[in-house]
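Asker: Have a look at this prediction, sequence included:
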Amino acid sequence: QLQLVESGGGLVQPGGSLRLSCSTSVVPLAHYTIGWFRQAPGKEREGLSCISSSDGSTYYTDSVKGRFTISRDNAKNTVNLQMDSLKPEDTAVYYCAVGKTMICRVVSQDYDHWGQGTQVTVSS
């Protein structure tokens, strides 16, 4: 069964960077639209970014635009989320998921096969 695995989370100071990876050994992620989401304690899940399987187009929600970059590493079968200029409000559990279609939009209902999440904490 397809199961994604997120990695790369941790504790970082404000202004710092982290690189999250989403991987699986079951299928080539290049064949799927992949989305990144996060959920902070007491808050709803927030869609952050996605990368389309059809043309590689990407989308970023306003809160991370200009700071986060999504990319594929097909050789490693990963989809990465480079996070720069991190802020305390970026603290959350970060998830990746597989899109049900080729459409790249960060709506939770459009995604399946969620990973278990990786914790990102931004604090001094």
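Answerer: Cool, the structure landed.

Asker: Just name whatever secondary elements the longest strand that the chain contains is in contact with.
Answerer: Under DSSP state E, the strand in the chain containing the largest number of residues is strand 92-99. With contacts defined as 3 or more CB pairs under 8 Å, 6 or more residues apart in numbering; DSSP states H and E, strand 92-99 has these neighbours: strand 5-7, strand 18-23, strand 34-39, strand 46-51, strand 78-83, strand 111-112, strand 118-122. (Glycine included, C-beta is placed from N, CA and C.)

Asker: what about 6 Å?
Answerer: strand 34-39, strand 111-112, strand 118-122 (3 or more CB pairs under 6 Å, 6 or more residues apart in numbering; DSSP states H and E).

Asker: out of those, deepest packed?
Answerer: Greatest average neighbour count among the helices and strands packed on strand 92-99 goes to strand 34-39 (a mean of 24), per mean count of other CB atoms under 10 Å.

Asker: Just checking: what are the partner strands of it?
Answerer: Applying DSSP bridges to the sheet, strand 34-39 is found paired with strand 46-51 (antiparallel), strand 92-99 (antiparallel).

Asker: With just CA atoms, put that strand into CSV.
Answerer: This file holds the C-alpha atoms of strand 34-39, laid out as CSV (Å, rounded to 0.1, in the frame of the first residue of the first chain):
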residue,chain,number,x,y,z
ILE,A,34,2.3,16.0,-4.5
GLY,A,35,1.1,18.5,-1.9
TRP,A,36,2.6,19.8,1.4
PHE,A,37,0.4,20.7,4.3
ARG,A,38,0.9,21.6,7.9
GLN,A,39,-1.1,21.6,11.1
